[in-house]
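Structure for the following, please:
(6 chains)
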Number of protein chains: 4
Amino acid sequence: MAHIRTRRPTGSRRSRAAGVLAPRKEPSQDRARHTVEAILQAAAAVLAQGGYDKASTNRIAEAAGVSIGSLYQYFPSKEAVVKALVERHEQRMLGVMRAHLSDVASQDIPTIVRALIDGLLDAHRVDPRLQKVLLEHSGGHTSSSIDDAVESLVRTAMETKKAELDVADLDAAAFILVTSVRTVCHRAAVERPDLLARSTFVDELNALVVRYVLRTTPSPKRPSRRR
Amino acid sequence: MAHIRTRRPTGSRRSRAAGVLAPRKEPSQDRARHTVEAILQAAAAVLAQGGYDKASTNRIAEAAGVSIGSLYQYFPSKEAVVKALVERHEQRMLGVMRAHLSDVASQDIPTIVRALIDGLLDAHRVDPRLQKVLLEHSGGHTSSSIDDAVESLVRTAMETKKAELDVADLDAAAFILVTSVRTVCHRAAVERPDLLARSTFVDELNALVVRYVLRTTPSPKRPSRRR
Amino acid sequence: MAHIRTRRPTGSRRSRAAGVLAPRKEPSQDRARHTVEAILQAAAAVLAQGGYDKASTNRIAEAAGVSIGSLYQYFPSKEAVVKALVERHEQRMLGVMRAHLSDVASQDIPTIVRALIDGLLDAHRVDPRLQKVLLEHSGGHTSSSIDDAVESLVRTAMETKKAELDVADLDAAAFILVTSVRTVCHRAAVERPDLLARSTFVDELNALVVRYVLRTTPSPKRPSRRR
Amino acid sequence: MAHIRTRRPTGSRRSRAAGVLAPRKEPSQDRARHTVEAILQAAAAVLAQGGYDKASTNRIAEAAGVSIGSLYQYFPSKEAVVKALVERHEQRMLGVMRAHLSDVASQDIPTIVRALIDGLLDAHRVDPRLQKVLLEHSGGHTSSSIDDAVESLVRTAMETKKAELDVADLDAAAFILVTSVRTVCHRAAVERPDLLARSTFVDELNALVVRYVLRTTPSPKRPSRRR
DNA sequence: TATGAATGAGGTTTCATTCAT
DNA sequence: CATGAATGAAACCTCATTCAT
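Numbering: from 1, shown residues only, chains lettered A, B, ... in the order given. Here you go, the predicted structure:
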């Protein structure tokens, strides 16, 4: 239901049909690909630096070193630029997840969890200011297509290991885990760099997940507790 | 033909110094208090309905049934209105927390956790769309004074019960718990009303917290596991 | 429901740092040069007609037949437009001065003075209403770079002729002369067209200057006095 | 020709009849006189500090410690406040002039001129910033009733001493002298405090006037010239 | 195709003035 | 009388978008 207030000098409003946010044309030549890449990188920089509102298409075009006309040749609107950035980011995140969840069968749960969290934290250490802006605005537009994807990934993984787990409502658990871990990583990156640096922080986050899902709670890093 | 209606001739742009977001003046008459209240309620409605960007001061004033001048008599900017709303909301949240954590000593941990989560979920059930907007924008400006407050509340509570807990880094744990629970409640309220309705969802969230902090993991609601 | 048309969300008010009044960008295409010229001419007309306060950027743009956006593409503020006008005017004035003072060595003082005053009066006969507005507002902002320039021009000229003059404090004299003659010409043009028309008025103004600076006071036009 | 754009919440414009700028009611009680005085002093301070445009009636009332309603009880508009200030200032100036020109017969011209200039300079040393604002804005509205008064004062004085003078066009001379001396004093006070401090500056200004009007030019302070 | 000049709706904010209390 | 809450026209300025070159 995104309301895209496209202003134009004269005339009618762009119709609200689906597909309005798709890139306007696939860049087929090298120069064009380069232009699109420059625009996206400039958009990332401008968004990271000033936030969504301060990032105007004119500023982005200028930062990219292309004319505003060129920007509109490849993106039909400002939102489309942001959307392309969001998608790129989501694909990267999804890649991290998929890579770590692909061989679920061959590893024990604490190992998987730790690898996942490490991957996520690393991913969040890259330009957290941009991530923040993207997150807020992807939240604004869609119900986060990627979240659904990640959730079902996690859900599937949990089903695979069901025997070892102690989780009654897999849907709820997937939602809770994905939301918690993603936000904790995000907020830590944005607001608490001091925490990110502590190794105990990662330990605690691991503990949160592992103790929650595991039938017994061996908590490998706290042997004292095991007795 | 001298014209009197002069305007900002030289260097009078408001600078972003501290205090710029503070309300402009306290309403002293009853009528004024009523106006301020109307503005805040209208702002809540407009923000909830259209999001931050679509909420213009003109729209807010109109929705409040007051003139735009009245709005600017009490708030120096659009941001100041939002800030006032955020603060009000935060105070309410904090109230819920404090009430539930006041008699920490007299109750066992699972009870406290459940009460807290129930409280938070209740709080989030009120106008989730508004909460969403406020959250995004309070996150935008400050490191959310309230988050700090809640975190230290939780940290203090955990210290009181330290003997029963198995947490190495209390700071990290408080950050992780507050972030996780708050966001899970929030996202559930905004994006997954279906989950909110299931009792198992609350159970799972409880499990997340309780299993994490408790030395042993009795998980009262899953007696089968205890044997 | 995200709304795209965002606006200055946080701390983006233009600060009054140096350079804020400089034109925003040099027009590079012919069309743009034409636009800028139209804006300046319209500004002159509007200022002359209604004074500074009544001259709004919207009115100027409208009078120029361009959109308000075009105005702001080339000038960052109303003040910048006025400043550009002032500078243009000052350059013209300075040109008149320089032309008349260039061959100081080859002429006698009364001749030079008369030429200067005639030049100034001519310059002031052009659109006196505009001059008035510009003068008031250039006085408002800077110590009028042009006044300094004219003063040092006059000072230098006086030094060249020092032997023939009877002036103790050259700085003070230059200030006094420039201020007096400029203002007398100006006020006469604006408020006393009747005086401007009389030849005796120019004679008196000449007498003021010549008698002041000359060692003896030959006052060529009043031979009776010489005896 | 002053166009007074009086905005009001609803309804019609105030008619442009003469007398609109007269104070609304004569303060008859002591308290009221005090209020009026406070408003005028506050207006002076605010005008001096921020210039005409930045001086709003609300700011003036606040600075005066009275409510905006009280201001409008005694002055029908912002312009009326400024006008009252201008008139007060002009009366003072006129007083200086009159005092010094009253006994023209009993003194010689250089003495009179010197006294007048000293008086004017003193008058201008008081709050030059305010004077500047008042001058610009009295110039804006009226053709300066006081200038006419001073001019005819000077003209009359010159007629009295006609035998000793060498001035052909008394009208022009009065205009030139009043304009020159007033502006030189004014600009010196506002822009060149360094000049004001030099005794030679005053000497030069005296010389300007005395040499101009006097049949011979004895210039008492430059005996060297006299041989 | 790339450029950048032009557009103009509409956002934010101010302030002279009125009038109920 | 004094107060100060309320008004709203209108000023300044931005920025997404188009289109002539």
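
May I ask which helix or strand encompasses the residue most central in space within chain A?
With distances taken as C-alpha atoms, centre = their mean, the residue of chain A nearest its centroid is A:Glu90 (4.3 Å). Per DSSP states H and E: A:Glu90 is located in helix A:78-101.

Which secondary structure elements does that helix sit against?
Applying 3 or more C-beta pairs under 8 Å, 6 or more residues apart in numbering or on different chains; DSSP states H and E, we find helix A:78-101 packed against helix A:30-54, helix A:57-64, helix A:109-125, helix A:128-141, helix A:145-160. (Each C-beta comes from the backbone N, C-alpha and C, glycine too.)

Show the average pLDDT along the fourth one.
Within the predicted structure, the mean pLDDT of helix A:128-141 is 76.

Now do that helix: distance to the chain's middle.
8 Å (C-alpha atoms, centre = their mean, to the nearest Å).

what angle do that helix and helix A:30-54 make?
80 degrees (axes from the mean of the first three to the mean of the last three C-alpha atoms, to 10 degrees).

before we move on, back to that, does DNA strand F have contacts with the helix holding A:Glu90?
Yes. Under the criterion of C-beta under 7 Å from any atom of the strand, DNA strand F is reached by helix A:78-101 at A:78-79.

now do stretch A:126-138
No. Judged by C-beta under 7 Å from any atom of the strand, stretch A:126-138 stays clear of DNA strand F, getting no closer than 12.6 Å.

buried ones in that stretch?
Using 16 or more other C-beta atoms under 10 Å in any protein chain shown as the test for burial, stretch A:126-138 gives A:127-128, A:130-138.

how about TSV for these, with distance to D:Ala188 added?
Formatted as TSV, the buried residues of stretch A:126-138 follow (distance: C-beta to C-beta, whole Å):
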residue	distance to D:Ala188
A:Asp127	59
A:Pro128	59
A:Leu130	58
A:Gln131	62
A:Lys132	58
A:Val133	56
A:Leu134	61
A:Leu135	63
A:Glu136	59
A:His137	60
A:Ser138	65
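
how close does the closest residue to chain D within chain A sit to chain C?
Nearest residue of chain A to chain D: A:Lys54, at 27.8 Å (C-beta to the nearest C-beta). A:Lys54 sits 6 Å away from chain C, going by C-beta to the nearest C-beta, to the nearest Å.

Kindly report the same for A:Ile68.
In terms of C-beta to the nearest C-beta, A:Ile68 sits 12 Å off from chain C.

any idea which element the closest residue to DNA strand E within chain A lies in?
In chain A, the residue that lies nearest DNA strand E is A:Gly69 (2.1 Å; C-beta to the nearest atom of the strand). Element membership for A:Gly69 (DSSP H and E) is helix A:68-74.

helices and strands around that helix, which ones?
Packing contacts for helix A:68-74, counted by 3+ C-beta pairs under 8 Å, 6+ apart, involve helix A:30-54, helix A:57-64.

about what we covered before: need the per-residue pLDDT for the residue nearest to the centre of chain A.
pLDDT for A:Glu90: 86.

Just give the closest residue to it, not the sequence neighbours.
Nearest residue to A:Glu90, sequence neighbours excluded (C-beta to C-beta, 6 or more residues apart in numbering or on different chains): A:Ile146, at 3.9 Å.

So the one you found versus chain C, what's the distance?
From A:Ile146 to chain C the distance is 17 Å (C-beta to the nearest C-beta).

can you pull the pLDDT of that residue?
Looking at A:Ile146, the pLDDT reads 79.

In this structure it contacts A:Arg88, no?
No. In terms of C-beta atoms under 8 Å, A:Ile146 does not count as a neighbour of A:Arg88; the distance is 11.2 Å.

so what sits against both of those two?
Common neighbours of A:Ile146 and A:Arg88, counting by C-beta atoms under 8 Å, 6 or more residues apart in numbering or on different chains, are absent.

Between these two, which has more neighbouring residues?
Neighbours per residue, other C-beta atoms under 10 Å in any protein chain shown: of A:Ile146 and A:Arg88, the larger number sits with A:Ile146, 19 against 13.

what's the distance between that one and A:Ala172?
19 Å (C-beta to C-beta, to the nearest Å).

coming back round to it: mind checking if the helix holding A:Gly69 is in reach of DNA strand F?
Yes. Against DNA strand F, helix A:68-74 shows contacts by C-beta under 7 Å from any atom of the strand at A:68-69, A:72.

Tell me the one among those residues nearest to C:Gln107.
A:Ile68 (57.5 Å; C-beta to C-beta).

residue contacts, that closest one?
A:57-58, A:61 are the contacts of A:Ile68 under C-beta under 8 Å, 6+ apart.

among these, who's most crowded?
So for the contacts of A:Ile68 (other C-beta under 10 Å), the most neighbours sit at A:Ala61, 22 neighbours.

Could you verify my assumption that that residue touches A:Leu40?
No. Using C-beta under 8 Å, A:Ala61 is not in contact with A:Leu40, being 12.0 Å away.

Can you give me the neighbour number for A:Lys54?
A count of neighbours around A:Lys54, defined by other C-beta under 10 Å, yields 17.

What separation do you get for it and A:Tyr72?
A:Lys54 sits 20 Å away from A:Tyr72, going by C-beta to C-beta.

next one: A:Leu170
According to C-beta to C-beta, A:Leu170 stands 45 Å off from A:Tyr72.

May I have the residues that are in contact with the closest residue to A:Thr156 other than its chain neighbours?
If the residues on either side of it in the chain are set aside, A:Thr156 comes closest to A:Leu101, at 7.9 Å by C-beta to C-beta, 6+ apart. Contact analysis of A:Leu101 by C-beta under 8 Å, 6+ apart lists A:112, A:116, A:153-154, A:156-157.

What are the buried residues along the helix holding A:Glu90?
A:78-86, A:89-90, A:93, A:96-97, A:100-101.

Closest to C:His34 out of those?
Using C-beta to C-beta, the buried residues of helix A:78-101 come closest to C:His34 at A:Lys78, 30.0 Å.

tally of neighbours for A:Val104?
16.

any idea how far A:Leu116 is from it?
10 Å.

which other residues reach stretch A:117-129?
Contacts of stretch A:117-129 (C-beta under 8 Å, 6+ apart): A:44, A:48-49, A:92-93, A:96-97, A:99-100, A:131, A:181-182, A:185-186, A:188-190, A:196, A:202, A:205-206, A:209.

near chain B at all, stretch A:191-201?
Yes. Contact of stretch A:191-201 with chain B (C-beta under 8 Å from any C-beta of the partner chain) involves A:191-192, A:195, A:198, A:200-201.

Please identify which pair of those residues lies farthest apart.
A:Glu191 and A:Thr200 (17.6 Å).

What is the least confident helix or strand in chain A?
helix A:223-226 (a mean of 39; mean pLDDT, DSSP states H and E).

Export the helices and strands packed on helix A:68-74 to CSV and append columns for mean pLDDT and distance to chain B.
Listed next are the helices and strands packed on helix A:68-74 as CSV, based on pLDDT from 0 to 100; distance: least, C-beta to the nearest C-beta, whole Å:
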stretch, mean pLDDT, distance to chain B
helix A:30-54, 91, 7
helix A:57-64, 95, 15
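
Including distance to A:Val213, could these go into CSV?
Shown next, in CSV, are those (distance: least, C-beta to C-beta, whole Å):
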stretch, distance to A:Val213
helix A:30-54, 35
helix A:57-64, 43
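
could those helices go into TSV alongside distance to DNA strand E?
Listed next are the helices and strands packed on helix A:68-74 as TSV, based on distance: least, C-beta to the nearest atom of the strand, whole Å:
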stretch	distance to DNA strand E
helix A:30-54	5
helix A:57-64	7
